[in-house]
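Enquirer: fold the following and give me the result.
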Amino acid sequence: MNHLLKLISILFLASCQTLGLVQEDPNGPVKLDLNYESFMTESWLNKAETSLINFDFFSENIESEIFFDLNGTTIFIINDDQLNLIDYDSGVTENTFILETKRIISGISVGYNTFLYTDADGVVYAHDLISGDLKWTKELEDVVLSEILITSTGVFIQTSSDVLYGLDLQNGETQWSKKAQAPLLSIRGTAKPVIFEGLIFTSFSNGRLAAVRALDGIQLWEKPISRLKGSTELEKLMDADSVAIPINEDVFAANYNGSLTRFNIRGGDKIFSVDHSTLKPIVLHNNTIISINTDEEIIGFNAVNGTEIWRSQKFKNRSITDLVLYDDQIYFGDFEGYIHKINPENGMIAGLTKSNLKAIQQISIYSDKLIAQDKDGSVSGFDLN
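Expert: Got it, this is the predicted structure:
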């Protein structure tokens, strides 16, 4: 009897699906159209033997933000308590440095003969890039989740408690700090500071963008990216984890549950502000701003007036990576190991390639070579066609 009921149920569901009565999960990942040419070939695969980060000591539950850095022709990747230096052309590990701790919560940031990373206690470690020797450490009051900005003289770090630090590159001494008014509720994550014409631009979890002088930390202006849209703390979530884009006389910024806004770079006056919700970096190509919204739609906006030019829903719910602009094309990966290429002018698909990686977490491109890393820490190098 039970077998008969199962058979009837299967036949009923099959007939409903045939008649269109059973619909696909609207929150499920969009199925890809695979009828596009591959635009690159895999030249090497550096497969991780273990998970990239596995904190299983003292029953701690530490959620890390792991990312690699590409500096020149070398890929810098943290694996457990060591830093691997991988040649981007061959995938060969050329050198390995043992790090100061296994409790690393950030990825790696490289620049000016220095590499930096942070641990779960908010300690920043700075090493010499050639020898791997420890140069200095700095104890901050909170963890650092985003990339660290390194300049010829300074290190600029934003913590998850909305404190922006300016440190001396040579010894780690605090030159200045700026604290933003944190909201009662925020999403885990912070924006990476960027520098432009001597100013540090960064956004905070209160949804505001600040322009601060890199030399002494004097704030020139701080403006809201968007206006409040609700009365509850959940509705007031306005985290700005997206990296600002300064160019010429303008700076563009976007936030969660908020807006995409263009500011005047000198006084912070708003030129336009349009409804848009994102937690990912925005990309500027010519006069088009390209962004992934929180519904994982990719949208192109007119950078002059903010009007929407195009919108693509072909990658919804596919856990796509940050967008990378290279040679007038947009590249990104997804949870099935596919890497995509689209035209930033109209959002049209220009190609896709299936990699041997699992869910891709990050991609980077340098000199016609695309580097991708998946959730397990495996890394592949691809030659762009």
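
Enquirer: so which residues of the stretch 251-385 of the chain form strands?
Expert: Here the stretch 251-385 of the chain has its strands, by DSSP state E, counting those that start in this stretch, at 258-264, 270-276, 283-285, 288-292, 298-302, 308-312, 324-326, 329-333, 338-342, 349-354, 360-366, 369-374, 379-384.

Enquirer: distance to Asn27 and mean neighbour count for those - can I get that in CSV?
Expert: Where you see a C-beta, it was placed from the backbone N, CA and C, and this is true even at glycine. Formatted as CSV, the strands of the stretch 251-385 of the chain follow (distance: least, Cβ to Cβ, whole Å; neighbours: other Cβ atoms under 10 Å):
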stretch, distance to Asn27, mean neighbour count
strand 258-264, 23, 23
strand 270-276, 21, 17
strand 283-285, 26, 19
strand 288-292, 17, 22
strand 298-302, 18, 22
strand 308-312, 18, 15
strand 324-326, 26, 16
strand 329-333, 20, 23
strand 338-342, 19, 23
strand 349-354, 22, 17
strand 360-366, 21, 20
strand 369-374, 23, 24
strand 379-384, 29, 20
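
Enquirer: looking at those strands, which is closest to Lys192?
Expert: Nearest of the strands of the stretch 251-385 of the chain to Lys192, taken as Cβ to Cβ: strand 360-366 at 13.3 Å.

Enquirer: follow-up on the earlier one: out of the strands of the stretch 251-385 of the chain, which is closest to Leu83?
Expert: Nearest of the strands of the stretch 251-385 of the chain (Cβ to Cβ): strand 379-384, 13.4 Å.

Enquirer: in its sheet, what does the closest one sit against?
Expert: strand 40-46 (antiparallel), strand 369-374 (antiparallel) (DSSP bridges).

Enquirer: so how far is that strand from its chain's centroid?
Expert: 19 Å (Cα atoms, centre = their mean, to the nearest Å).

Enquirer: also stretch 280-297?
Expert: For stretch 280-297, the distance to the chain centre is 12 Å (Cα atoms, centre = their mean).

Enquirer: now distance to Asn71 too, for the strands of the stretch 251-385 of the chain, in TSV please.
Expert: Formatted as TSV, the strands of the stretch 251-385 of the chain follow (distance: least, Cβ to Cβ, whole Å):
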stretch	distance to Asn71
strand 258-264	30
strand 270-276	32
strand 283-285	21
strand 288-292	25
strand 298-302	28
strand 308-312	32
strand 324-326	16
strand 329-333	19
strand 338-342	22
strand 349-354	25
strand 360-366	9
strand 369-374	12
strand 379-384	15
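
Enquirer: quick one on the thing from earlier: turn the strands paired with strand 379-384 into a markdown table, columns for mean pLDDT.
Expert: As requested, the strands paired with strand 379-384 are exported to a markdown table (pLDDT from 0 to 100):
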| stretch | mean pLDDT |
| --- | --- |
| strand 40-46 | 96 |
| strand 369-374 | 96 |
